[in-house]
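1. What would the 3D arrangement of this be:
(chains A, B, C and D)
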2 protein chains.
Amino acid sequence: MDPGCTCELCELKELFFLNLNAENANLICSGKIEKTFSQGEVILKEGTMIQEFTYLKSGLVKLFRRDPSGREQIITIARPMDYVSLLSVFSGKLYNYSVSALEDSVTCNLKMEDIRTLANSNGKLAFNLLQKMSAIADTIILESLEIRKKNLKGRVAYLLIYFSRTIFFSEEFDLPLSRKEMADYVGMTTENVIRTLSEFRKDGILKIYGKTIQIANMDMLQSISDFG
Amino acid sequence: MDPGCTCELCELKELFFLNLNAENANLICSGKIEKTFSQGEVILKEGTMIQEFTYLKSGLVKLFRRDPSGREQIITIARPMDYVSLLSVFSGKLYNYSVSALEDSVTCNLKMEDIRTLANSNGKLAFNLLQKMSAIADTIILESLEIRKKNLKGRVAYLLIYFSRTIFFSEEFDLPLSRKEMADYVGMTTENVIRTLSEFRKDGILKIYGKTIQIANMDMLQSISDFG
DNA sequence: CGCGGCTTTGATGTTCATCAAGTAAAGTGG
DNA sequence: CCACTTTACTTGATGAACATCAAAGCCGCG
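-> From the prediction side, this is the model:
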C-alpha cells in the first residue's frame, strides 16, 4: 500500500487497491475528498451532474426521489460498505435520485473521471464494480417487488424486519425514519403507518417507546410480513 | 470481423467485437448457441444456475418471479437489444427470476465463463457491460417506483403508453399480455384491469378489439397516467 | 358438440386514503 | 427558563378505491 494514502480503514481498499498498482492507487487516493454531513443534510441532489464517485464511510443515508406533486418516494436505505452512488453512476450524466443523511455521515468522494479511466483500462477493477452493482441493483429490485405485492400490515412488518436484520442487527433499535418517511418508503399514508404500529403494539408484537422499537414477537411479525 | 463468425446482424457485435481482437472474438463466437422459443415457452427458470449469457435476438419476453403462494409478478418486458440476462448475471450463482417468451423468440447464448474471463482481462468490454447494466437497472427501478405510486387507472394508462411508445412504436398494437398478465405486471386484479380498460373504452380513450388496442386519445391517457 | 380457459360484468365487503381534531414533543425568541 | 410556534405523532370518522366472490358469455380446440 502506498504510504501517502491514509485510507487504511476504508473498505474501498478491497475494491481498488487489490486491483491497482501503486501509481494508479495514488491517482485515486490523491484525488479523494472526505465530506461530513449532519443528520438531515442533502448529500446528492436529483438532477445534478454526476461528477464524483461517492462512497459512504460511516453513517446511514436514504436514497429517494420526488415526484411532480412534491411527494417523496424512498428507493432504499444504505449503510457503510454499500457503494452509495454506484447505482446509475455509469449510465447517465445526471442523478435521478437524491441522497440525504439519516444519521451523521461521512462520505469519501473520488473523481468520476478517474474511476472511468481506470475501469476502462483495468478489467479486474471493472469486473468488480460490475459485480457490486449487479448485487445492489438486484437487491433494490427484489425489495421493490416485495413491497409492491404486500398489504399495509405486511409492508410495515417487512420494513421493521429489514431494520432489525439488515441495518441494526438487533431486535431492539431506534427507528432511523420518521413515521412519514416510513410511509414514503412503503407507499402508504403516515396515518396508516401509525395505526399499523399501534395495532402491532396492542397485539403484543412490538413495544414502542417513541422512536425506539423492540420486536417482542418476531415469529408473528415474520408471518405477517410473509403472508401480507 | 472474423469470417468464421456468422453473426453479421447481431447487435452484440457492437459490444464485443469493437472491444476484442480476432482471437477473442473467435472464442466468443465459436461458443455461441442459438435457441428458438415459441410463444409461452420458458427461456430461463428462477432458481437455476447461471451458466449462460443470454441475449435476445428477436421476439419479446417477460421477466417475472413467482411468490410462495404461486402468484406471478412481472418485473419487466424486454425486446431485442436489451441484454436479457444482464440483470443479476454477475452478482450471484442462481437466477432470481424466470424469463418466458411472449412472442416467438430467438436467443443467442454465450458461455458465462467466457464472458467472465474476457471482462476480467478487458477493461473496455467490462466498462461497456457496466454501462449497459447500469442503464437497465435504472430503468427497471424507476419503472417500479412509477407503478408503485400510481392508482389503478394510472397504472393501466402507464402500461398502455409503455407498450405504445417503448415496445411497438405505434398508437395501435396487439397486446402482448393477457389481462391476467397485465394485472400481474402492475399489481392489481384481472377484473380491475378489465374494468379499467372498459372504462377507457366508454370514455373514448381507447378502441378495443380483443387483443388489439388503439389509443384514440393519447393526451387524455397521458394525463391519467401522470396524475394517477 | 362440449369442455376449459380467457374475458366481461355485477354485487358485496374489505382495505385504505382522506379529512378532522387533538396531544405530545421539539425548536425559537424573549 | 418560560411562553410561543412549529413539527411530529396519534386517534376517530367517513367515503373512495380496490379485492373478492359469483355468474355468465365468448372462443378455440379436441
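
2. contacts and neighbour counts: CA atoms only from here.
-> Will do.

3. which parts of the helix or strand harbouring residue A:144 are buried?
-> Assessed by DSSP states H and E, residue A:144 sits inside helix A:123-149. The neighbour-count check on helix A:123-149 (16 or more other C-alpha atoms under 10 Å in any protein chain shown) flags A:123-138, A:140-142, A:144-149 as buried.

4. and that helix, what does it pack onto?
-> helix A:12-16, helix A:112-121, helix B:112-121, helix B:123-149 (3 or more C-alpha pairs under 8 Å, 6 or more residues apart in numbering or on different chains; DSSP states H and E).

5. Is the last one in proximity to DNA strand D?
-> No - applying C-alpha under 7 Å from any atom of the strand, one finds that helix B:123-149 is not in contact with DNA strand D, the shortest distance being 9.3 Å.

6. Quick check: mean pLDDT of that helix?
-> Mean pLDDT, computed over helix B:123-149, is 90.

7. the inter-axis angle of that helix versus helix A:123-149?
-> Orientation of helix B:123-149 against helix A:123-149 (axes from the mean of the first three to the mean of the last three C-alpha atoms, to 10 degrees) gives an angle of 10 degrees.

8. quick one: helix B:123-149 to helix A:112-121, angle?
-> On the basis of the same axes, to 10 degrees, helix B:123-149 is oriented at 120 degrees to helix A:112-121.

9. Off-centre distance for helix B:123-149?
-> Averaging C-alpha positions (C-alpha atoms, centre = their mean, to the nearest Å) puts helix B:123-149 12 Å from its chain's average.

10. following it, which helix or strand shows up next?
-> For helix B:123-149, the succeeding helix or strand toward the C-terminus, using DSSP H and E, is helix B:152-162.

11. likewise the shortest one?
-> For helix A:12-16, the following helix or strand on the C-terminal side (DSSP H and E) is helix A:22-30.

12. Tell me which strands the helix or strand following that next one pairs with, and in which orientation.
-> Using DSSP H and E, the helix or strand that directly follows helix A:22-30 along the chain is strand A:33-37. Paired neighbours of strand A:33-37 in the sheet (DSSP bridges): strand A:105-111 (antiparallel).

13. Next, the buried residues of the partner strand.
-> A:105, A:106, A:107, A:108, A:109, A:110, A:111.

14. secondary structure element for residue A:77?
-> Here residue A:77 sits within strand A:72-78, counting by DSSP H and E.

15. which helices and strands does that strand pack with?
-> strand A:61-66, helix A:179-186.

16. could I get the helices and strands packed on helix A:123-149 as TSV with distance to DNA strand C?
-> Converted to TSV, the helices and strands packed on helix A:123-149 look like this (distance: least, C-alpha to the nearest atom of the strand, whole Å):
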stretch	distance to DNA strand C
helix A:12-16	34
helix A:112-121	36
helix B:112-121	34
helix B:123-149	9
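
17. I'd like the helices and strands packed on strand A:72-78 written out as TSV, with distance to residue A:34 and mean neighbour count added.
-> Shown next, in TSV, are the helices and strands packed on strand A:72-78 (distance: least, C-alpha to C-alpha, whole Å; neighbours: other C-alpha atoms under 10 Å in any protein chain shown):
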stretch	distance to residue A:34	mean neighbour count
strand A:61-66	16	22
helix A:179-186	27	21
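
18. quick one: which of those is nearest DNA strand D?
-> Nearest of those to DNA strand D, taken as C-alpha to the nearest atom of the strand: helix A:179-186 at 3.9 Å.

19. burial count for residue A:55?
-> Neighbour count for residue A:55, taken as other C-alpha atoms under 10 Å in any protein chain shown: 22.

20. Please name the residues that touch it.
-> Contacts for residue A:55 (C-alpha atoms under 8 Å, 6 or more residues apart in numbering or on different chains) come out as A:80, A:81, A:82, A:83, A:84, A:85, A:107, A:108, A:109.

21. ok but it is inside a helix, no?
-> No - using DSSP: H, G, I helix; E, B strand; the rest coil, the assignment for residue A:55 is strand, not a helix.

22. Pretty sure residue A:47 sits against residue A:95.
-> Yes - judged on C-alpha atoms under 8 Å, residue A:47 makes contact with residue A:95 at a distance of 5.3 Å.

23. So if I had to pick from those two, which one is more boxed in?
-> It is residue A:95, of residue A:47 and residue A:95, that has more neighbours when counted by other C-alpha under 10 Å, with 21 against 13.

24. Ramachandran coordinates for that one?
-> The phi/psi pair for residue A:95 (degrees, to the nearest 10) reads phi -70, psi 140.

25. Run through the residues that contact it.
-> Contacts of residue A:95 (C-alpha under 8 Å, 6+ apart): A:44, A:45, A:46, A:47, A:48, A:49, A:50, A:88, A:89.

26. Separate out the buried members of the residues you listed.
-> A:44, A:45, A:46, A:50, A:88, A:89.

27. Redo the helices and strands packed on strand A:72-78 as CSV? Include mean pLDDT.
-> Output for these, formatted as CSV (pLDDT from 0 to 100):
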stretch, mean pLDDT
strand A:61-66, 93
helix A:179-186, 96
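
28. Find the nearest non-adjacent residue to the residue in chain A positioned nearest to chain B, please.
-> Using C-alpha to the nearest C-alpha, the single residue of chain A nearest to chain B is residue A:123, 3.6 Å away. If the residues on either side of it in the chain are set aside, residue A:123 comes closest to residue B:123, at 3.6 Å by C-alpha to C-alpha, 6 or more residues apart in numbering or on different chains.

29. Correct me if wrong: the one you found contacts residue A:115.
-> No - if you go by C-alpha under 8 Å, residue B:123 and residue A:115 don't touch, sitting 11.6 Å apart.

30. Flag every buried residue along stretch A:221-228.
-> Residues of stretch A:221-228 classed as buried by neighbour count (16+ other C-alpha under 10 Å): A:221, A:222, A:224, A:225, A:226, A:228.

31. which bits of chain A sit near DNA strand D?
-> With C-alpha under 7 Å from any atom of the strand as the criterion, chain A meets DNA strand D at residues A:178, A:179, A:180, A:190, A:191, A:192, A:194, A:195, A:198, A:210, A:211.

32. bridging residues for residue A:73?
-> Under the criterion used (DSSP bridges), residue A:73 bridges to residue A:65.

33. Could you give the average pLDDT over the strand holding residue A:77?
-> What strand A:72-78 shows for mean pLDDT is 94.

34. Three-state assignment for residue A:83, please.
-> Assigned state for residue A:83: coil (three-state reduction, three-state DSSP).

35. how near is it to residue A:145?
-> According to C-alpha to C-alpha, to the nearest Å, residue A:83 and residue A:145 sit 22 Å apart.
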